[in-house]
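Participant: below: sequence and its predicted model.
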Amino acid sequence: MPLLFHHDDQVQSITMNRPTTEPAETLAYTDEERRGLAKSMMKLFELWQLDDAEALSMLGLPETEVAVLFSYRNGEALQNNQDTLSRAGHLLAIHKSLKLLFRCNPELSYQWMKTRNRAFGGLMPVEAIRAEGLSGLFTVRGYLERSKEL
């Protein structure tokens, strides 16, 4: 399934051919696939205008791990652990939902993560995820998936 990032005239496509019925812990990702995921995460964080601390928290990493983001930006593969890969999957699903919800205005899909929302107690979705961790990712993703059904 191709994952597309549209930003102005630039389109970046990363293809991940993964079965969706297998749990993340049973999937073996190649270095190339994890490099593609890292590249996708960095592009997504750029589009969402996340600072390093916010980007690190999306990946479940402490703010002191800025060197990890630097390595991802320079082509290193995403960490090969269940938590990081699971978070990447949720973040890509959030991106996909936002693209579908705001297909007529892509800029809104990029701004949404840093826009205050009553559904998250007045927090921005990025703040809700930082505060709640993986549970916050589930909450934001679930909210968006329910919104698509309306």
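Facilitator: Here it is on my side, so go on.
Participant: contacts, neighbours, all on C-alpha from now
Facilitator: Noted.
Participant: which secondary structure element of this protein has the lowest mean pLDDT?
Facilitator: strand 10-15 (a mean of 36; mean pLDDT, DSSP states H and E).
Participant: quick check: next helix or strand after it?
Facilitator: helix 31-47 (DSSP states H and E).
Participant: now that following helix: how far from the chain's centre is it?
Facilitator: 9 Å (Cα atoms, centre = their mean, to the nearest Å).
Participant: so which helix or strand takes in the residue nearest to L134 when sequence neighbours are not counted?
Facilitator: The spatially closest residue to L134, leaving aside those adjacent along the chain, is R87, at 7.2 Å (Cα to Cα, 6 or more residues apart in numbering). If you go by DSSP H and E, R87 is part of helix 82-101.
Participant: against G136, how distant is R116?
Facilitator: Using Cα to Cα, to the nearest Å, R116 is found at 15 Å from G136.
Participant: of these two, give the one with the bigger neighbour count.
Facilitator: For R116 versus G136, the count of surrounding residues by other Cα atoms under 10 Å is larger for G136: 19 against 16.
Participant: which ones are touching the more buried one?
Facilitator: The neighbours of G136, taking Cα atoms under 8 Å, 6 or more residues apart in numbering as the test, are 128-130.
Participant: E65 now?
Facilitator: Applying Cα under 8 Å, 6+ apart, the residues near E65 are L56.
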